[in-house]
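Trainee: prediction below, plus the sequence it came from.
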Amino acid sequence: MPESTVLKLRLSLMGRPVRNYTFDKPVVCVGRDPEADIFVDNPGVSRDHFRLERTPTGEYQITDLGSANGTFLNDQMVNAATVRNNDVVRFGKYTLWVGYEHDRRSGADHAAAPPPTQGNTVVLSRSELGSLFDAVRERETNPPAAPAAAAPAAAPVRVAAPAPASSAAVVIAFLLGAALGAGAAYLLLTR
């Protein structure tokens, strides 16, 4: 693996994503120590639980640092082992998915790299969600001007029912309902 490989890590607590990390450094420390690269404030995690250290091949080796509850690589307790792409490290109630990715800042692979948000969860604050909702509402109430028709239509178009809400509005309503509760989302949608 070349030196231009970066380490992508996804931390989860009991199956729920907590945070994504990207590292391009030789040593990544994980533990309850606030100075750790990945700080996990949980009594089931030791202060210095384990570290990931880049080998000369560019892959990382995991080393348990004498943790009380152990470090598991793909459900096997380890003291030291090489971490491969898509391996899963379990420590306490946490899991850490490990991925290697070619550094987009180097070489010709830059153009072929997928956008960074593809397939990832995006977390929005309430104010960001409100701004997004306002933008969708503005677009629906003031649609862009339709292009001028070249010739009049042969027959008038009849509309039998009001137009359904746009898919963006439905998605935002769902997100609002999940984030704020159904009652708050209803109030925001009907104001």
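Mentor: Sure thing, it's come through. Since this is a predicted model, take the numbers as computed values, not measurements.

Trainee: quick one: what helix or strand has Tyr21 in it?
Mentor: strand 16-23 (DSSP states H and E).

Trainee: any residues touching that strand, and which ones?
Mentor: The contact list for strand 16-23 (CB atoms under 8 Å, 6 or more residues apart in numbering) reads 6-12, 37-38, 94, 101, 120-121. Any C-beta I mention is one placed from the backbone N, CA and C, and that applies to glycine too.

Trainee: downstream of it, the next helix or strand is which one?
Mentor: Downstream of strand 16-23 (by DSSP H and E), the next one is strand 27-31.

Trainee: list the buried residues for stretch 35-53?
Mentor: In terms of neighbour count (16 or more other CB atoms under 10 Å), stretch 35-53 has its buried residues at 36-38, 40, 45-46, 48-53.

Trainee: quick check: mean pLDDT of that stretch?
Mentor: Averaging pLDDT along stretch 35-53 gives 95.

Trainee: now, which of the contacts of strand 16-23 lie within strands?
Mentor: Under the assignment DSSP state E, the contacts of strand 16-23 contribute 6-12, 38, 94, 101 to strands.

Trainee: any chance of the residues you listed in JSON lines, plus distance to Ile172?
Mentor: Converted to JSON lines, the ones in strands among the contacts of strand 16-23 look like this (distance: CB to CB, whole Å):
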{"residue": "Val6", "distance to Ile172": "33"}
{"residue": "Leu7", "distance to Ile172": "34"}
{"residue": "Lys8", "distance to Ile172": "29"}
{"residue": "Leu9", "distance to Ile172": "30"}
{"residue": "Arg10", "distance to Ile172": "26"}
{"residue": "Leu11", "distance to Ile172": "28"}
{"residue": "Ser12", "distance to Ile172": "26"}
{"residue": "Ile38", "distance to Ile172": "32"}
{"residue": "Tyr94", "distance to Ile172": "32"}
{"residue": "Glu101", "distance to Ile172": "31"}
